[in-house]
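*Asks:* Return atomic coordinates for the entry below.
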Amino acid sequence: MSQIMQESFFSPSRDLLKGSSLVALVLIGLLAACSSAPQPKTYAMFQAAETAIADADRNGVNGYPSPEPVESRNKLQQARVALEMEQLPLAAFLAQESQVDTELASAKATLIKEQQVNAGMKEVIEAFK
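*Replies:* Sure thing, here's the model as predicted:
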């Protein structure tokens, strides 16, 4: 091979171009992998919020005066919208807030039930005096 052909075929600028192209492709692949799917933690927060709402429904929380069940459902819906818009931190935060609101509503409903039982027991005790 002639000296000119060897220099043009194995030029340092050509090797640099190949190397930087490879690095760019790897970076693009990593970015696409990171942004394409929600993190498992986000899914876990959605599952926890949905489970808390289902448990609260089974326990009759909606029958007690409390704004938390409605707020919880609204926050879960907002979390779904944030997930669709690929705003994962916001989606995770709203899902967690939904779960906390539901748990608060459940605790309030349990408190009201227990207060009603206590009031009934006091009435029975007073009747025997």
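*Asks:* all contacts plus neighbour counts: C-alpha atoms, from now on.
*Replies:* Will do.
*Asks:* other SSEs contacting the helix or strand Glu114 falls within?
*Replies:* Glu114 belongs to helix 88-128 when assigned by DSSP states H and E. For helix 88-128, the packing partners by 3 or more Cα pairs under 8 Å, 6 or more residues apart in numbering; DSSP states H and E come out as helix 40-58, helix 68-84.
*Asks:* Pick the most deeply packed of the ones you listed.
*Replies:* Neighbour counts (mean count of other Cα atoms under 10 Å) averaged over each of the helices and strands packed on helix 88-128 peak at helix 68-84, with a mean of 19.
*Asks:* tell me the angle that helix makes with helix 40-58.
*Replies:* Relative orientation of helix 68-84 versus helix 40-58 (axes from the mean of the first three to the mean of the last three Cα atoms, to 10 degrees): 150 degrees.
*Asks:* In terms of residue numbering, what are the domains of the chain?
*Replies:* 1-36, 38-128 (automatic domain parsing).
*Asks:* least reliable of those going by mean pLDDT?
*Replies:* Of all these, mean pLDDT reaches its minimum on domain 1-36 (a mean of 51).
*Asks:* can you pull the contacts of Lys41?
*Replies:* Ala92 (Cα atoms under 8 Å, 6 or more residues apart in numbering).
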